[in-house]
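Engineer: Quick one, what's the 3D model for this:
(one chain, ligands or ions: 1)
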Amino acid sequence: MIIYRAKDYKDMSRKAANIISAQVIMKPNCTLGLATGSTPLGIYDQLTEWYKKGDLDFSAVHSVNLDEYRGLPKENDQSYYYFMHKNLFDRVNIRSENTNVPNGMEPDAEKECRRYEKLIADLGGIDLQLLGLGHNGHIGFNEPGEAFEKETHCVDLQERTIEANKRFFESADEVPRQAYTMGIKTIMQAKKILVAVSGEDKAEIVKKAFFGPVTPTVPASILQMHNDVTVVADEAALSLCCK
Ligand code: GLP
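Structural biologist: Numbering: from 1, shown residues only. The predicted model follows:
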């Protein structure tokens with residue numbers, strides 16, 4: 001695991017975007033695993049800026065997103081489909097048909113999860129997976145539990161996650177209670193993993209996830225077992241470790 005120390009959020013975003021752009025330059029037809037949340041916003045802004053300058057070409061890139069709320073239609077401005085189009089897909093030249101987000105409106109969870117796993121396999125796997133880090137150590141929507149959930153599955157969101165995500169909704173009642181998410185095995189099969197973390201509120205979980213024991217009670221801790229993980233974190237997120 002390589003840990004890059006960034007000065008602040010902007011620096012973290014630029015460093016992480018650099019790694020993604022290196023991937024796209026080295027393999028123009030790569031498959032990028034993408035994430036939502038506040039953390040990647042600066043990364044997507046930076047990638048857009050470089051695309052506009054003519055330094056990046058996404059025309060042959062495929063993407064697969066980590067997760068999607070169950071029951072939210074694409075048009076809902078809180079769906080991850082909407083988020084990705086607004087913050088990245090509609091701003092660069094990735095082909096819309098090459099982008100993939102789990103279909104939150106498919107009521108048959110098993111069918112949708114199987115479809116998504118097959119789609120990733122048919123793309124030849126994920127070349128670079130971008131991850132944010134939940135306060136409870138979740139990655140995608142893999143919540144802390146007794147075991148690592150393996151493949152794409154339907155999850156019940158934990159109170160802390162609903163609480164953290166309610167800022168995007170009118171009230172906590174409106175936050176969906178379930179989501180479809182890639183599983184830990186799906187994520188761990190990515191050839192490279194890039195974790196972006198920012199802010200003092202993540203310092204505790206950074207310490208646990210990357211320096212503590214590997215345990216399903218901190219899902220991100222499994223990343224210690226992957227042989228190509230790069231963490232880009234700002235000073236605030238690293239404040240409880242690697243002084
Ligand atoms: C959400 C997403 C995760 C994300 C996490 C952290 O629940 N499903 O993929 O990494 O929260 O979000 P943020 O970056 O806003 O702290």
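Engineer: The residue positioned nearest the centre of the chain: what's it in contact with?
Structural biologist: Centroid check for the chain by C-alpha atoms, centre = their mean gives Ala35 as the closest residue, at 2.7 Å. Listed by C-beta atoms under 8 Å, 6 or more residues apart in numbering, the contact partners of Ala35 are Asn65, Leu66, Leu130, Leu131, Gly132, Gly140, Ala196. Just so you know, the C-beta spots here come from the backbone N, C-alpha and C atoms, and that holds for glycine as well.
Engineer: try it again with 7 Å
Structural biologist: If you count contacts by C-beta atoms under 7 Å, 6 or more residues apart in numbering, Ala35 has them with Leu66, Leu130, Leu131, Gly132.
Engineer: Isn't the last one up against Thr39?
Structural biologist: It stands for Gly132. Yes. In terms of C-beta atoms under 7 Å, Gly132 counts as a neighbour of Thr39; the distance is 4.1 Å.
Engineer: any residues in contact with both of the two?
Structural biologist: Common neighbours of Gly132 and Thr39 (C-beta under 7 Å, 6+ apart) are Ala196.
Engineer: just to revisit the earlier point, check the contacts of Ala35 one by one and keep those near the ligand.
Structural biologist: Among the contacts of Ala35, proximity to the ligand is found for Leu66, Gly132 (C-beta under 6 Å from any ligand atom).
Engineer: quick one: which of the contacts of Ala35 is nearest the ligand?
Structural biologist: Proximity of those to the ligand (C-beta to the nearest ligand atom) peaks at Gly132, which lies at 2.6 Å.
Engineer: For the closest one, grab the count of nearby residues.
Structural biologist: Gly132 has 21 neighbours, counted by other C-beta atoms under 10 Å.
Engineer: which residues sit in contact with it?
Structural biologist: Contacts of Gly132 (C-beta under 7 Å, 6+ apart): Ala35, Gly37, Thr39, Pro40, Ala196.
Engineer: Then Glu163?
Structural biologist: Taking C-beta under 7 Å, 6+ apart, we find Glu163 in contact with Ala172.
Engineer: so it is in which element?
Structural biologist: In this structure, Glu163 sits in helix 159-165 according to DSSP states H and E.
Engineer: average model confidence for that helix?
Structural biologist: In this model, helix 159-165 has a mean pLDDT of 86.
Engineer: what's the burial count for Lys52?
Structural biologist: Based on other C-beta under 10 Å, the number of other residues close to Lys52 is 11.
Engineer: any idea how far it is from the ligand?
Structural biologist: Lys52 is 24 Å from the ligand, where distance means C-beta to the nearest ligand atom, to the nearest Å.
Engineer: and if you look at Asn29?
Structural biologist: Counting by C-beta to the nearest ligand atom - Asn29 and the ligand are separated by 25 Å.
Engineer: do Tyr82 as well
Structural biologist: In terms of C-beta to the nearest ligand atom, Tyr82 sits 14 Å off from the ligand.
Engineer: does Asn227 count as helix, strand or coil?
Structural biologist: coil (DSSP: H, G, I helix; E, B strand; the rest coil).
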